[in-house]
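In: just to be clear, the model below is a prediction. Sequence and coordinates:
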Amino acid sequence: MSRSRALQYYVLARLLLAPLMLWTITTVVFLLLRATPGDPVDVILGPRAPAEAKRLLREQLGLNGNLVQQYLNYMGDLLRFDLGTSLTSRGQTVWEIIQSFFPATVELAVYSIAIALAVGVLVGVLSASRPGTWLDAAGRLFGIISYSIPLFWLGMLLQLVFSVQLGWFPLGARFPLGETVPTSITGLYSVDSLLSGSLGQFLTALHYLALPCLSLGLVLSGIFERIVRVNLKQTLKADYVEAARARGIPESRVLVAHALKNALIPVITVLGLTFAAMLGGAILTEVTFSWPGLANRLYEAISLRDYPTVQGIVIFFAVIVVIASIAIDILSAYVDPRIRY
């Protein structure tokens, strides 16, 4: 079987498995929410509300049926792309919540990934290109610390030093209160400010993004540093690299044009896994920094036992992770001809 035909079968298999993965995630989330202590009716009305009021609200919210009926009703709504209505947001639909809060999470994720890639690749290259030196030891130490450091602890430390003590960075918002936010085009303040031609608003948006993105980016950078360092060290020992050196090609060109290009191929694959880890890290980051994103809204919904909002946001995140995973696998197959399926 040719490589292109094998790749086509692999992509088709991944696409066919995607609905099964999403159904499994949906079912697990549905069952876990019903198994956790607490009643959304008590959250809305209070534990001392009359029994008749609780019964009427439970019927109105669709929580009066048995578990199987609730599950079938929910799956039927999902097939119609209806994520339901929030139990705690005064009739706001889950889609409206996603549209309102997701741009802040996207903005946080994009800049965090950019920081993680820049720092991780730079430290990995410096460490691998200077084996046995203090740069190599420092790179290894950085990878271990950044990979294992608790994200919430790093976030609180950065807030304490740079916001509380030094007062350099603001907290708890995407833009200063009382100031006009950039005209909404994409929902990303930094992008919208540039599209509107406002450099001041762009710098303000970056100022508010700095600490949350730095916190999440530094933690994720350890993943890329370790991958780049290990793969670059192996690549620098390859025969074609030695042949390039024998031809008199400068070491800097050998490193960048020959070794680094191939050493970065695994980074593309890891991007998919990192993307999933980033969504989990986004919850800790947004809660720690009170960042008004979708992950923080998910945390609030879990605390309030808002079943539709939790299920809708988790499914939305799951769809993004599945799509990103499939896209990364396809991209890796085209970039690296050594991959076989």
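Out: Yep, it's here.
In: contacts for stretch 101-119, please.
Out: For stretch 101-119, contacts defined as C-beta atoms under 8 Å, 6 or more residues apart in numbering pick out 174, 186-191, 205, 209, 212-214, 216-221, 223-225, 267, 271, 274-275, 278-279, 281-282, 285-286, 291-297, 316. C-beta coordinates here come from the backbone N, C-alpha and C atoms, glycine included.
In: can you list the buried residues in that stretch?
Out: Buried residues in stretch 101-119, counted by 16 or more other C-beta atoms under 10 Å: 101-113, 115-117, 119.
In: stretch 140-153 now?
Out: Using 16+ other C-beta under 10 Å as the test for burial, stretch 140-153 gives Phe142, Gly143, Ser146, Leu151.
In: what comes into contact with it?
Out: 123-124, 127, 215-216, 218-219, 221-223, 225-226, 229, 281, 284-285, 287-288.
In: and if we set it to 6 Å?
Out: Here stretch 140-153 makes contact (C-beta atoms under 6 Å, 6 or more residues apart in numbering) with Val123, Leu218, Val219, Ser221, Gly222, Glu225, Arg226, Gly281, Leu284, Thr288.
In: what distance do you get for the last one to Ala138?
Out: So the one you mean is Thr288. 27 Å (C-beta to C-beta, to the nearest Å).
In: same check, this time on the fifth one
Out: Computed as C-beta to C-beta, the Gly222 to Ala138 distance reads 13 Å.
In: more crowded one of the two?
Out: Gly222 (22 against 14; other C-beta atoms under 10 Å).
In: after the helix or strand Thr204 falls within, next one along is what?
Out: For Thr204, the element it lies in under DSSP states H and E is helix 199-235. Under the assignment DSSP H and E, the closest C-terminal helix or strand after helix 199-235 is helix 239-246.
In: hang on, the earlier thing: of the contacts of stretch 101-119, just the buried ones, ChimeraX syntax please.
Out: Selecting only the buried entries of these in ChimeraX, with 16+ other C-beta under 10 Å as the criterion:
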select :174,187,188,189,190,191,205,209,212,213,214,216,217,218,219,220,221,223,224,225,267,271,274,275,278,279,281,282,285,286,291,292,293,294,295,296,297,316
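In: per-residue confidence for the nearest residue to Leu67 once chain neighbours are set aside?
Out: Using C-beta to C-beta, 6 or more residues apart in numbering and skipping the chain neighbours, the partner closest in space to Leu67 is Arg34 (6.3 Å). Per-residue pLDDT puts Arg34 at 76.
In: could I get the average pLDDT for stretch 213-232?
Out: Per-region confidence: stretch 213-232 scores 85 on mean pLDDT.
In: which residues does Thr295 contact?
Out: In this structure residue 295 is Ala, not Thr. Applying C-beta under 6 Å, 6+ apart, we find Ala295 in contact with Thr105, Ala282, Ile283, Glu286.
In: to clarify, my last question referred to Leu22.
Out: Applying C-beta under 6 Å, 6+ apart, the residues contacting Leu22 are Ala318.
In: burial count for Asp77?
Out: Neighbour tally, Asp77, other C-beta under 10 Å: 16.
In: what's the answer for Val322, then?
Out: By other C-beta under 10 Å, neighbour count at Val322 equals 20.
In: same question, Thr26
Out: Thr26 has 18 nearby residues by other C-beta under 10 Å.
In: now do the contacts for it.
Out: Here Thr26 is in contact with Ile315 (criterion: C-beta under 6 Å, 6+ apart).
In: what about it, is that helix, strand or coil?
Out: Following DSSP: H, G, I helix; E, B strand; the rest coil, the label given to Thr26 is helix.
In: which SSE is the residue nearest to Leu67 in?
Out: helix 3-35.
In: quick one: buried residues of that helix?
Out: Quick answer for helix 3-35 (16+ other C-beta under 10 Å): Leu7, Tyr10, Arg14, Ala18, Leu22, Ile25, Thr26, Val29, Phe30, Leu33.
In: can you list the domains in the protein?
Out: What automatic domain parsing lists as the domains of the chain is 3-79, 95-335.
In: could I get the buried residues of helix 3-35 as TSV with distance to Trp134?
Out: Listed next are the buried residues of helix 3-35 as TSV, based on distance: C-beta to C-beta, whole Å:
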residue	distance to Trp134
Leu7	44
Tyr10	44
Arg14	44
Ala18	47
Leu22	48
Ile25	46
Thr26	51
Val29	48
Phe30	53
Leu33	51
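In: give me phi/psi at Thr93?
Out: Dihedral pair for Thr93: phi -70, psi 160, per degrees, to the nearest 10.
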